[in-house]
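Trainee: Got a sequence here, can you model it:
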Amino acid sequence: MRWFVFSLALLLPLSAYGEIVDPFVNPIQKIVAAAEAKLEKQKEKPKKEAVTLFKPVLPNAFNTYAIQGVVRKGNQTFLVVMDPQTGQVFFLKPGSAVAPDTKLVAIEPDKLIFEKYYRFKGRIVKKRYSLKVNLGG
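Mentor: As a prediction, the model looks like this:
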């Protein structure tokens with residue numbers, strides 16, 4: 001019986017014992033190749049991709065408009081922006097989309113807060129930006 005168990009142990013697949021090592025492969029070359037592969041993987045950093053989540057209220061980019069001030073009606077606050085070329089005036093409230101991936105979150109006395117959305121590693125991520133302005137009147 002002992003010989004039977006011993007012979008079965010010899011016949012088990014070699015993968016059960018661990019990695020099979022080729023005796024003719026240079027071990028230093030193997031370590032260098034693994035390090036190079038790791039460096040290549042680190043160089044390939046995931047990039048931020050633009051996403052289209054909103055339909056912008058403004059026909060042009062937000063930075064082409066002049067900020068005129070803030071209007072308060074009851075408990076609502078509106079940001080007034082004007083197109084310098086056409087003279088057209090827009091009222092933006094918190095939650096208004098200023099770009100396909102950016103929306104106005106809050107209007108504070110000394111700054112505007114925006115949220116920009118982008119795709120990173122397959123997930124949609126948001127980042128807050130603030131724009132310091134003098135809205136005093």
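
Trainee: Please tell me how far the most centrally placed residue in the chain sits from Q88.
Mentor: Nearest to the geometric centre of the chain sits F120, at 3.8 Å (Cα atoms, centre = their mean). Distance of F120 to Q88, computed by Cβ to Cβ, to the nearest Å: 35 Å. In short, each C-beta sits where N, CA and C put it, glycine included.

Trainee: so who does the spatially closest residue to the residue nearest to the centre of the chain that is not a sequence neighbour touch?
Mentor: Distances taken as Cβ to Cβ, 6 or more residues apart in numbering place K48 nearest to F120, at 5.3 Å, with adjacent residues excluded. Applying Cβ atoms under 8 Å, 6 or more residues apart in numbering to K48 gives the contacts 118-120, 125.

Trainee: helix or strand right after the helix or strand where Y117 lies?
Mentor: Element membership for Y117 (DSSP states H and E) is strand 111-120. Going down the chain from strand 111-120, the next helix or strand is strand 123-132, by DSSP H and E.

Trainee: Now do that following strand against strand 111-120, angle only.
Mentor: 160 degrees (axes from the mean of the first three to the mean of the last three Cα atoms, to 10 degrees).

Trainee: helices or strands up against strand 123-132?
Mentor: Counting contacts by 3 or more Cβ pairs under 8 Å, 6 or more residues apart in numbering; DSSP states H and E, strand 123-132 is packed against strand 111-120.

Trainee: The longest helix along the chain: what's the following helix or strand?
Mentor: Looking across the chain with DSSP state H, the single longest helix is helix 27-43. Later in the chain than helix 27-43, the nearest helix or strand by DSSP H and E is strand 49-50.
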